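> heads up, no residue letters with this:
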Ligand SMILES: C[S@@+](CC[C@H](N)C(=O)[O-])C[C@H]1O[C@@H](n2cnc3c(N)ncnc32)[C@H](O)[C@@H]1O
């Protein structure tokens, strides 16, 4: 009887994803090289330097616990469709650090003391909603509490904010030693800062993290890889795979706080970052300045709006390398088309946390034959190497880097 290690299981999953890509490419009539039956070599899964308690961000829900208490702070088990959702405490989770569990425990104590109800189903009323905890290796802790205002007026809201602040600064929650306490009024599942601002109730507006010797400022709504040690390993590999030299311009598409581009800035001519979340690009610009990096520019906006314009009149003769790292929704077709139609881009790194999802559509759009009907004129890309990273130990997921060249 042979038990496979978690990394072997993950490797098998990634191989299946590459097999699917290979089959789709063949269906498109593309003659793919097949070392080991795949369209490109698949390297072994790169391990995470930290396996337990690696998460720097955890999201805790509020719902009914196994004992029926509706003010339970934890993680969902069950499904909405099965109508059997229960909220269980996160104590058993190996990937969540003790600090996050402690803040969740304190928040639970706070809402159990509060006369206000939890908001479980929007139409049934209630107020207290999810808690996000972010920590950094500097020992910083940011807590973000989401609250449904329902019919409460400004005065009643101010009272609740004051009580929450008091609990975490001078009450039982003070043991959490929060660096920042944010409050967001939210009438939806998720709200951006623009839709409903993150209100700082206490402490510093940002937390700070170090990655590959650079210091990064992180706003409450800015993305940051959840496994900082894993991110360092990933970014080092991106450095090598990009083969970016002193005259290269690097496009960092979906750049978040600028981590990828800034960690490569010293070895290239220029970094151009594009990111939809305004606070994240503000962080990126601050991060560049703080770390003394001046060969970069960051554009706020959706990549599908910014990139086509940027590349349509591209005349710079310097080599252009693209790194794309979109969220699960993948890249908009206009982004792929702009990349394909820009002849200067010969090398592209696609980093995906869900390569079997929407990213698969992007891979095919990058590699399919030119299609005048879809205004895809440029030469197709060819998948050349796949490297999975164990960014999320204790889960089935990997971060996959696919290198495309043409
Ligand atoms: C997986 S994160 C990667 C961030 C960054 N590369 C990093 O390693 O920290 C994806 C980022 O894409 C941004 N994003 C999502 N949709 C976008 C779009 N249409 N255009 C530009 N950025 C987008 C998100 O806000 C998020 O910061």
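That came through fine. None of the values given here were measured: they were computed from a predicted structure.
> isn't residue 165 right up against residue 203?
No: under the criterion of CB atoms under 8 Å, residue 165 makes no contact with residue 203, lying 9.7 Å away. For every residue, glycine as well, the C-beta is placed using N, CA and C.
> Now do the SS call for residue 241.
State at residue 241, reduced to three classes by DSSP: H, G, I helix; E, B strand; the rest coil: helix.
> quick one: the nearest residue to it once chain neighbours are set aside from the ligand, how far?
Across the structure, with CB to CB, 6 or more residues apart in numbering as the measure, the residue nearest residue 241 apart from its sequence neighbours is residue 403 (5.4 Å). When CB to the nearest ligand atom, to the nearest Å is the yardstick, residue 403 and the ligand sit 16 Å from each other.
> Next: residue 378.
Look at residue 378 and the ligand: by CB to the nearest ligand atom, they are 21 Å apart.
> Show the contacting residues for that residue.
Residues near residue 378 by CB atoms under 8 Å, 6 or more residues apart in numbering: 339-343, 370, 406.
> give me that answer again for 6 Å
Going by CB atoms under 6 Å, 6 or more residues apart in numbering, residue 378 touches 340-341.
> any idea how far residue 370 is from it?
As judged by CB to CB, to the nearest Å, residue 378 and residue 370 stand 7 Å apart.
> now residue 54
In terms of CB to CB, residue 54 sits 43 Å off from residue 370.
> Pick out whichever of the two has more residues nearby.
Between residue 54 and residue 370, residue 54 has the larger neighbour count (other CB atoms under 10 Å), namely 22 against 13.
> Just the element for residue 323, please.
Following DSSP states H and E, the helix or strand that holds residue 323 is strand 320-324.
> Show me what secondary structure element comes after that strand.
Tracing the chain C-terminally past strand 320-324 and defining elements by DSSP H and E, one meets helix 333-340 next.
> helices or strands next to the very next helix or strand once past that next one in the packing?
Past helix 333-340, further along toward the C-terminus, the next helix or strand under DSSP H and E is strand 345-352. Contact partners of strand 345-352 among helices and strands, from 3 or more CB pairs under 6 Å, 6 or more residues apart in numbering; DSSP states H and E: strand 320-324, strand 399-405.
> got the angle for strand 345-352 vs strand 320-324?
Between the axis of strand 345-352 and that of strand 320-324 there is an angle of 10 degrees, by axes from the mean of the first three to the mean of the last three CA atoms, to 10 degrees.
> which residues sit against strand 345-352?
238, 241, 320-325, 339, 359, 400-406.
> make it 8 Å
By CB under 8 Å, 6+ apart, the residues outside strand 345-352 that reach it are 234, 238, 241-243, 251, 319-326, 330, 339, 359, 362-363, 366, 381, 399-406.
> List the buried residues for whatever helix or strand comes next after that strand?
Next in sequence after strand 345-352, counting helices and strands by DSSP H and E, comes helix 358-367. Across helix 358-367, burial judged by 16 or more other CB atoms under 10 Å covers 359-360, 362-367.
> Next, see if helix 358-367 gets close to the ligand.
No: among the residues of helix 358-367, none lie within reach of the ligand under CB under 6 Å from any ligand atom; the closest is 10.9 Å away.
> where's that helix relative to the chain centroid, distance-wise?
Computed by CA atoms, centre = their mean, to the nearest Å, the chain-centroid distance of helix 358-367 equals 19 Å.
> out of everything not next to it in sequence, what's closest to residue 283?
By the measure of CB to CB, 6+ apart, the closest residue to residue 283 outside its immediate chain neighbours is residue 257, 4.2 Å from it.
> List the contacts of the one you found.
Contacts for residue 257 (CB under 8 Å, 6+ apart) come out as 216-219, 222-224, 280, 283-284, 287.
> What helices and strands are in contact with the helix ranked longest in the chain?
Of all segments of type helix in the chain, defined using DSSP state H, the longest is helix 6-27. Here helix 6-27 is seen to pack against helix 358-367, strand 382-389 when contacts are counted using 3 or more CB pairs under 8 Å, 6 or more residues apart in numbering; DSSP states H and E.
> Whichever helix or strand residue 215 is part of and the ligand, are they touching?
Element membership of residue 215, judged by DSSP H and E, is strand 214-218. No: Strand 214-218 stays clear of the ligand (CB under 6 Å from any ligand atom), getting no nearer than 8.8 Å.
> Using the record's domain definitions, break the chain down for me.
The record assigns the chain these domain ranges, following automatic domain parsing: 6-49+227-405, 57-210.
> can you redo the ones you listed as CSV with mean pLDDT?
Formatted as CSV, those follow (pLDDT from 0 to 100):
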stretch, mean pLDDT
domain 6-49+227-405, 96
domain 57-210, 95
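> Deepest-packed of these, please.
Neighbour counts (mean count of other CB atoms under 10 Å) averaged over each of those peak at domain 6-49+227-405, with a mean of 19.
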